[in-house]
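Q: Build the 3D model from these lines:
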Amino acid sequence: MSQKSYDTAVFGATLLGLGAALGMENVVVIEKGGLFGAEFVNSYKVCAPKVVEPKTELGKEFLEDLKKRGLVSEEGEIYPAPAVYVLSSYLKEKPFDILLMTEVTGVKKVDNYYEIKVYHSSGFEIIYAKHILDTTTLGISHTNAQKHELQKQLNVIVYNPDRNVLDGLSFNSQNGLYTYTLPVSPDIDRYEAVESLCGMEKLFLEKNLQISSIASDFSYTMEPCRE
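A: Residues are numbered from 1 along each chain as shown. Purely as a prediction, here's the structure:
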């Protein structure tokens with residue numbers, strides 16, 4: 001079983017996690033899936049437009065890059081999917097270790113390090129890190145997510161030729177797509193959520209809406225910590 005040591009281990013190849021890693025040295029990013037930014041791309045996450053104000057020079061450079069490519073409006077509407085590819089160009093400039101399709105199977109503190117046991121295509125591996133930055137929504141090897149109010153949704157891209165209005169239906173002017181957001185309970189699985197969506201067939205027909213694509217992952221909105 002191989003072993004490696006880092007200053008920081010980032011859980012999740014999220015946009016937050018990758019952005020943070022770009023500002024660090026001797027860092028590894030551990031992602032259970034196979035994509036960058038899946039919390040936006042795979043979930044079709046809907047974000048309300050707002051003025052984006054980066055605090056770092058790298059963040060400001062990234063935002064200007066997105067604007068030049070027509071991926072973000074002055075009002076703050078973002079086209080997330082291609083933004084991930086833009087981020088990838090920054091990773092080429094400052095490469096670091098990224099483990100995709102890798103499950104964290106255990107975390108424990110050993111002296112001044114965290115011992116992180118992972119499993120991937122090469123088998124089990126032990127990683128040591130002085131610090132852990134967990135950017136996953138539900139958390140890994142801890143229950144801190146329970147301190148927050150999580151709103152869970154299933155998002156759907158719909159064809160809306162008549163530009164009809166419906167509660168839960170939003171339009172992104174940057175990508176020209178309509179997204180319908182179906183709120184679901186925290187314990188519901190994707191099959192049940194899709195069944196609930198299919199139960200809305202009559203309403204969709206009345207509004208002349210057609211489902212184009214259903215997100216493979218749930219989207220989450222996190223409220224501030226209760227403590």
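Q: Contacts for the strand or helix carrying residue 85, please.
A: Residue 85 is part of helix 80-93, with elements assigned from DSSP states H and E. Applying C-beta atoms under 8 Å, 6 or more residues apart in numbering, the contact partners of helix 80-93 are 15, 18-19, 22, 35-37, 40-41, 45, 58, 62, 65-66, 69, 71-72, 98, 175. The C-beta positions use only the backbone N, C-alpha and C, and glycine is treated the same way.
Q: how does it look with 10 Å?
A: Helix 80-93 has contacts (C-beta atoms under 10 Å, 6 or more residues apart in numbering) with 13, 15, 18-19, 21-22, 29, 35-47, 58, 61-62, 65-66, 68-72, 98, 172, 174-175.
Q: Select the longest strand from this protein.
A: strand 123-134 (DSSP state E).
Q: helices or strands next to the helix or strand that it is followed by in the packing?
A: Following strand 123-134 in sequence order, the next helix or strand is strand 150-159 (DSSP H and E). In this structure, strand 150-159 makes packing contacts with strand 169-172, strand 177-184, helix 190-198, strand 210-214, strand 219-222, judged by 3 or more C-beta pairs under 10 Å, 6 or more residues apart in numbering; DSSP states H and E.
Q: Could I get the contacting residues of the spatially closest residue to residue 63 that is not a sequence neighbour?
A: Nearest non-adjacent residue to residue 63, counting by C-beta to C-beta, 6 or more residues apart in numbering: residue 54, 5.4 Å away. Listed by C-beta under 10 Å, 6+ apart, the contact set of residue 54 reads 19, 60-64.
Q: ChimeraX command for the buried members of the contacts of helix 80-93?
A: Filtering the contacts of helix 80-93 down to the buried ones (16 or more other C-beta atoms under 10 Å) takes a single ChimeraX command:
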select :13,15,18,19,21,22,29,36,37,38,39,40,41,42,43,44,45,46,62,65,66,71,72,98,172,174,175
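Q: Nearest to residue 139, out of the helices and strands packed on strand 150-159?
A: strand 219-222 (11.1 Å; C-beta to C-beta).
Q: So what touches the closest one?
A: Strand 219-222 has contacts (C-beta under 10 Å, 6+ apart) with 39-40, 42-47, 137-138, 145, 148-155, 179, 181-184, 186.
Q: May I have it as CSV, with CA atoms only?
A: Below are the C-alpha coordinates for strand 219-222, written out as CSV (Å, rounded to 0.1, in the frame of the first residue of the first chain):
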residue,chain,number,x,y,z
SER,A,219,-28.6,20.2,-6.3
TYR,A,220,-28.2,21.5,-2.7
THR,A,221,-28.6,25.0,-1.3
MET,A,222,-27.0,25.5,2.1
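Q: ok, it: who's next to it in the sheet?
A: With DSSP bridges as the test, strand 219-222 is paired with strand 150-159 (antiparallel).
Q: Next, the buried residues of the partner strand.
A: Buried positions in strand 150-159, judged by neighbour count with 16+ other C-beta under 10 Å: 152-158.
Q: Please name every helix or strand in contact with the longest strand of the chain.
A: strand 2-11, helix 15-22, strand 27-30, strand 97-99, strand 103-110, strand 113-120.
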